[in-house]
Each structure stands twice: as C-alpha cells, then as structure tokens.
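# Just to be clear, the model below is a prediction. Sequence and coordinates:
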Amino acid sequence: MVIKKLLLTGGALLLGASAASASGFQVNLGGQKNNGMGGVGVALSLDQAAMFYNPGALAMVRDNGVQVGVNFAMPRNSFIAESGGAQSQLRNKMVTPVNFYAAFGPKEGKWKIGIGANTPYGSELHYANDWQGRYSLTDINLRSVFAQLTASYAITPQLSVGAGLVMLAYGDVDLQRDVPLSAQNGAPTPHVTLSGKAKQTFGYNAGILFKPSDKLSVGVSYRSQVDAKIENGDVRLRDVIASTGGNFTATNFNATLPLPATASAGVAVMPNEKLTVSLEANLVYWSEYRTLDFTFSGNNGYGDRPAAGSTPAVAGTPGLLGGNTISSSKRFYQNALAFRLGGQYKVTEGLTVRAGGFFDQAAVKDGYVTPETPDADRIGLSAGASYEFAKRFGIDVSFLYEDFLKRSQSQSDLLNNGTTDRVAGTYKTTIAVPGVGLYVKF
Amino acid sequence: MKRYTTYSLPALALLGLVLGGCQPDLDDTRPATDAGSLNFNSYVAVGNSLTAGYSDGGLYNEAQATSYPALLAQQFAKTSKGPASFVQPSFATTQADGSGYIKLQIVNGAASPVPPSAANNYLDEKVAFTTPAVNLPGGRQLAPYAGTTQPDNLGIPGISVLSSLSALTGGLVPYGTLNPFYERLLTTAEKSTKDYVTYIGQKTPTFFTCWMGNNDVLAYATNGGVVENIAPGVPNPFGDLTDTTRFGIGYRAILRTISRNGTVQGVAANIPNVTSVPYFNTVTVAAVAAAFKAQNAASPGVFIATGPTTAPVVRLATSADYLTLTAQAYIAATGAGSLPTNPLPSKYVLDATEAAAVVNRTTQLNNIIAKTARQNKVPLADMNTFFTGIAQQGVVTNAVNNTATFASGNLFSLDGVHPTPRGYAVVANEFIRVINANYGSKIPNVAPNDYRGVLFP
C-alpha cells in the first residue's frame, strides 16, 4: 500500500514534460548524480537511481533512501529551409523532466526493493508561427512517465542481480500542424491538433552488477520496449474552410509509438576511495520505429450538406483528415549507440564533485529528419556536485550541455526517400539542462 | 563547505541561462548571395499574361504583386545589385481588382468558380473598367495606367509574337487599339501607331527576362481550335496557330530589341505544352460520359462537333480529345453532348487532331526560340520541360504537395491556365535556377509556401 501511495505521489510530481536529451526522443536524465557524470550508471551503485540504470546494482547501494530530482531543460533550435526564407527559431519553453526513487532493504541485508518513476522519453518543441515547416509540424508535446518496481539480490558480495516491472504509467502526445489551404478574405490558415493519452502498458528491466574487487565493477542492463498506444485520441480542428470541410470529418485517431528497448554495458574503476571513473555504452533499439501511422475515425458533420435547390442533401464521408482515413509517415530509425565517460571525486567528507561527457549517435537517418525529432549526432558535457549533511541528507546539483551537430537534408534527399512530408533545410540544436536533487538516506 | 553549495547552485543556474540563451545561428550555412557579373539595376520583363501576373482569369493588383518578375526583382534586390524599385503597371487602389477575376463561391453547398461580370462590386471586386463602357475588340476598356514613366514589368495579357510587330500584319491591326491591357499603357497618340517591339525598345535594361510565344498557340487551343470572329465577318487575326515564318521574324525582332543584339544579359523562356494545364484536363470525356450514363443507362458517350464550324463533323469523343474547363458550365446549362443532334460545340473540344497540331507547332516555335536565344547569347529557361514535369509529378514545397490538379493543386489558378501566386513562386525559382546555372550568380530562391494557392470560401 505504501508503494502504491508513493507511486501515485510520484506520478503527480512527474507530470512535468521533458525534452529529448538523448537519441531520438529518449531522455537520459535518470538521476541527478549520473547527470553530472555524462549519464553513466550501469556499472555504478551511487544511489537509488541505480534501479533505473541497472536494477542489479540496487542491492549494492549501501543505504536505504528516498530521492527526488528535477531538471530544467532549455532547448534552443534554429532552422533554415533549403527553399529560402528567414532563419526560424523555437518559441522557447523550458521543460522539466523529473525523477523519483525510493528503496528499502534490511541493513546489511542481501536484498533490496525499490520503486521509482522518471521520464525516459519525451519531446516538447514549439516552432515559430510562420516557420517553413509549419505544414509538417508546428508543435509537439510528447510526454511519458514511467513507474517501476524493482527487486535486487546480492547473490554474493561480488555479484548482484536485479529485475523490475516497468510501467508506462502516463503518456500523452499533442501534435499540431497547419493545413496547406488558403482561405478567402484573409481568414486564418486551418490548423489540426492530434492529442491523446497512451494506454498504460508494462515492460521490464533487468541487470547484473559484478564487483570482483573494491577497485572494479562491471555492469550490464536491459530495459524492454514499451509501446505507447493511443486509442481514440482527439482530432481537433481550427479554422476549417467551409468548402473543404468534406475532407476534414475525423474526430478521433489511433496511433502507436514505440518506446524502444535499451541495452547497456559498462565498467567502473575506483583506484582509491575518493575517485570513481566509469565508461559505458548504450544501444537503443530505435530500428523498431519504422513508420508513424494514424488511422482516423468519427464524423464531425463538416462534410454534410443540406439539400439546396435541385441539389440533394450530401452526407460527408466519415473519418477523413486532409481527405485521407489513414496516414503513414516513414521513420525508418536506426539503432543508436551512445558512449559515456564520467567520474566523481570525493573532495571532503561532505562534498563530491563530478564531470563527464558523451557522444550520442543519431537515431534518425540522413534524409529522414522530421521537425518533431530534429535528431543529430550530439556531444554532451556535464558537471555536478553533491553536498551531504550529517551523512543523512544531501543535495545534488548537475549541469548538462548538449551540442547537436548541424544537420542538413535536401529536397532531393526527401524525394529519393519518399519522405517529402517533412522539410528540407538545416537544423541546429543545443540543450542546456541544469538540475537539482535532494536525497535522504537511512 | 556549505558555501560550496550555497554558491554553486545559483552559479549553475546562471550558467544554464547563459548557455541556454545562446541561440544557434545558421546564417553562415546559407550560400552567400551574389549577383556574379550580373547587374539588376534596371530589370525589364517582357512577356504576356504569365509575365503580367495574370491569374484567375484576370489581371488585378494582388496577383500582379506576385508576378514572377516581381518575385525575381525581390530576390535580385537581395544581391545588393538592384533593382531599387521594380515598377508594375498597377491599378488605382480604388480599382485594385482591375479586370475582375474568377472567385470560388459556395453554390448549392459546393465550391464553384464564378466568373466576374463587368459590374463594379460584383464578387466584392473593385474593377477598373471605364464608364461609359468602351468595348475594344479584345475586351472592355480599362482605366489608363497612372504612372508617369514606363513600367519595368512589360507583360501584356493576351499578346503574342504575331501581335507584337505591326509589320507582320501589314500594319493593318494596331494592337494598341485592340487589347485593353496594352491600350491602358499607351498615350492617345501611341495607341494606333506603337507596336510592342517599339514599346519594349524604349527601355534600357541591364537585365531582362523574355517569355513570349504562348499566345501564338494558346488562343487557338483554349478556344478548342476555333478562330472566332471579333466582329461580324472579321476573324480574330491572332486567333490561329501562328505560322513559323512570321513567328521567326517577330521573335527575332523581340529578342534582338530587348537584348540589344545580344549585348544585354537576360533569360528567354519557351512555350509550355498547353495541353498539360488543368484547362484541358479537369473536364474529362470519361467523367462526362459517366455522368450521361448515370442519367440515361443507354447513353453511348459524349457527342462532339469537330472540324470547321461551317461544316462540323459530329462523332463520339474519345480519351484522345480534350474538353475545355469551360465545357463544364456549358454542358450543365444546355445538356450539350448527350445526343448527336445536340453535340458539344467545337470550341469546347480540342480534338485529337487539333491537340496534335498544337503540340507540333509548339515544338516548332520552341526550336525558333532556342535558336534565336543561342544567336543572342541568351540562356534558355526550358519551361516546356519544367511544366511537363509539374504536370506529371507536381512539386513538393516544404511538405506541401502541389500538383497540376484544378483548384486543389495549389499551382494553377481558377482559369486553369495561369498560375496562382504559389505557382508563380515556383516559376520564379526555375528562372533563378537557370540564371544561377548560366551566369554563376547565387540568387536565393523564393519560399513558395509564403505565397498562396487557390483561395477557398
């Protein structure tokens, strides 16, 4: 019961949105200590966030504890279209991915059980009102909150395993775009919003941590794919032009978005009691994301016409958006690797400082970049610190800066790939993510 | 130690704001705009309705503002080699809708194109016709252009190569008294004496575009291969396919005049295949036959009158015959075509023989254009190939599918022949591509999505 209550509290806390800070629309901001170290975690047992990075490491975390962290992601994006026109920028908005973990076990016991919640996938971008890609996308807000229940067991003092149930506790998506039709008398451009909540679904994660000595640890972990399935999402239409209403009759949509599996492996060395350095690699199975398919249904009556003169009444065709009952857009993502390096140094009894960096490969292939995920290979640098009071309470601060490599695609790339539903041009994105966390150990 | 955290927290937040506030700048990604060796100080556009910015069956200020020469001038200006201003022969703001234009209106619940009447304020249009009405052979007289100097956009809706040089018609049909769009640009004295070649010769361009010849095949084609009388017993002297001899003489005169015998740089464009425009592909024989069959299951198809109007041959239409856009309203009003005794008149049908003649003559005239351009060292914008490509594949502009489909395709206006502002933007980009490829300049493209397609009610 306590767990359920905590989950609910966590869920309420975690509705904050997120910005894609790893390949595709993955967000790798699982724990504040890890954020300061370039996102390493699979070979570490720093704190309760271990249950996210490697459930097997949880049993190796010495103390019971509760912790909460919040990040303030500030993406900046610029785009210039191949077709010309001015450089456009996002209507900037800060998004706040959050994480929460609590774990308990007998003191000096062999097992530990934990609950946690975080936002491993998400993206929120609001493009400028008149930007060149407005007929592809004007706004996206993709949010997910995952809850997990994890058990970890130390088989020997050197080897521990763990596994957990992962639940897509809350997910929603809001996609908006303009309709490429012009209205008489300067009436506004029609605008479509697709929004819906994902069904709650389950996945799992599992991991092993092997610590042959005080100076070395090795970890592997795996988190399964979870599909965010939206049934009967809302199609909302604004400023539909009357004479074209027959092509815009849908009221609902169905769509499924894969939130892919991640496999990680890493090693950490602790040459002395104060210093920890860890290196790891993650593989995100983005190739599962082949197409983004919508099926439309319902009838808002925009296509119905009463009888007029000798013309009989007309009943509109239901379930149309832009004249189609389905839409399919190619994604064809590729599996993406990330390499991370991070370390921490215990300066005094209370103060620990951290630094790290990573290289994260793009999940989106050349010529497939969409405005909803202006993905690119990226480099991240991070720093952080913790200060602990009375060996019980602590505060973690972290700062991450990500620099996406400039990414261009031409109209001929799009024509060759059959991906002309997006826009040709050059994207450049940076994200700054300061974060802060609080923890208590007992 | 506590002060570490006390200070580091706001410091980190500040760092976040500083780095987060840094907007990436991509302006260096764009190729530098460069005019190369070109000078656009005085850009002059020679041509017909396509050059004038004619759209939706009319010339009006809003469409004229997005004529391809206006868009080119706007892009040329970005090279800082001018032009400082590009003057188009606009109508007064109180008469901004010029000759009036076709609008989509909801009729019986569905959007239908409604042609303008000459009456003011019909369709909310402020027309520029003179009152009392003066009817020229080419249409009702328009208010004279108020500008004191010759405009830079010299596009005259309706003008052909044949009508540009008065010697080709023995000086017997002064074009300034026939065509209201030309007449409004001339002084009273000039109307009966000044032909178009002389008129364009008054300019001293530093760069020009020349897109002539369309009406040497289009007038014949859009009228279903029928040369109409402009007065009882007087056939339209410019209503037939222009012969190659007179076209050659006229075209050479035009291009030599505007290029000053090849000494001024510019671009010449050729004639698109007119049978690929929505005017000939929206009302299909198959669709009309199906509609007849729905009313009368025994209907064998669509009866058309072909051949000379004096001795027409009535036969069933085949898929090789083109019906004009204007046929739709005529069939709806008269029921023509359903019976051999009431065939669809020849002017609504470009039959297979006529269509082949049009395509064949277009090829011949385009050969003359290409050769003349070469002789004057003027690069050629192959609009024939470009429009054929658009008719077959359309053109995608930033996630928008633009096609040659009537109205909903975004590219062609409601007359089915002339582009929309979006279509003119696409045409401007093709000119820019040819200019950049031939002169080594780097003129930036127009963003077509910034310009509208057909306006829906």
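On my side now, so go ahead.

# Spell out the residue ranges of the strands in the stretch 201-350 of chain A.
Under the criterion DSSP state E, counting those that start in this stretch, the stretch 201-350 of chain A contains strands at A:201-213, A:216-223, A:226-238, A:252-259, A:262-269, A:275-284, A:291-297, A:326-330, A:336-346.

# distance of A:Asn254 from chain B?
23 Å (Cβ to the nearest Cβ, to the nearest Å). C-beta: built from backbone N, CA, C; applies to glycine.

# isn't that residue right next to A:Ile230, touching?
Yes - with contact defined as Cβ atoms under 8 Å, A:Asn254 and A:Ile230 form a contacting pair (6.4 Å).

# Tell me which of these two has more neighbours.
Set A:Asn254 next to A:Ile230 and count neighbours by other Cβ atoms under 10 Å in any protein chain shown: A:Ile230 wins out with 22 against 16.

# so which strand or helix has the residue in the stretch 201-350 of chain B that chain A sits nearest to?
Of all residues in the stretch 201-350 of chain B, B:Ala332 sits closest to chain A, at 11.1 Å by Cβ to the nearest Cβ. According to DSSP states H and E, B:Ala332 maps onto helix B:327-334.

# what pairs with the helix or strand just after that helix, and is each one parallel or antiparallel?
On the C-terminal side of helix B:327-334, the closest following helix or strand by DSSP H and E is strand B:349-350. Partners of strand B:349-350 in the sheet, by DSSP bridges, are strand B:322-323 (antiparallel).

# Rounded mean pLDDT for the strand it pairs with, please.
Mean pLDDT, strand B:322-323: 95.

# Please list the residues outside that strand that contact it.
Strand B:322-323 has contacts (Cβ atoms under 8 Å, 6 or more residues apart in numbering or on different chains) with B:275, B:280-281, B:283-285, B:288, B:302, B:317, B:344, B:348-351, B:355.

# mind listing the helices for chain A?
Remark: helices assigned in chain A by DSSP state H are A:2-13, A:32-35, A:50-53, A:411-417.

# Give me the distance from the second one to the chain's centre.
Right, helix A:32-35. Relative to the mean C-alpha coordinate of its chain, helix A:32-35 is positioned 16 Å out (Cα atoms, centre = their mean, to the nearest Å).

# ok, is that helix in contact with chain B or not?
No - applying Cβ under 8 Å from any Cβ of the partner chain, one finds helix A:32-35 separated from chain B by no less than 11.4 Å.

# Just name whatever secondary elements that helix is in contact with.
Judged by 3 or more Cβ pairs under 8 Å, 6 or more residues apart in numbering or on different chains; DSSP states H and E, helix A:32-35 is in contact with strand A:65-71, strand A:378-389, strand A:393-404, strand A:425-441.

# Now for residue 162: which residues touch it?
Let's take chain A. A:Gly162 neighbours (Cβ under 8 Å, 6+ apart): A:51, A:54-59, A:150-153, A:206-209.

# meant chain B actually
B:168-169, B:216, B:237-238, B:242, B:246-247, B:250.

# how near is the residue lying closest to it once chain neighbours are set aside to B:Val358?
Ranked by Cβ to Cβ, 6 or more residues apart in numbering or on different chains and with sequence neighbours excluded, the top spatial neighbour of B:Leu162 is B:Thr242, at 4.5 Å. For B:Thr242, the distance to B:Val358 (Cβ to Cβ, to the nearest Å) stands at 11 Å.
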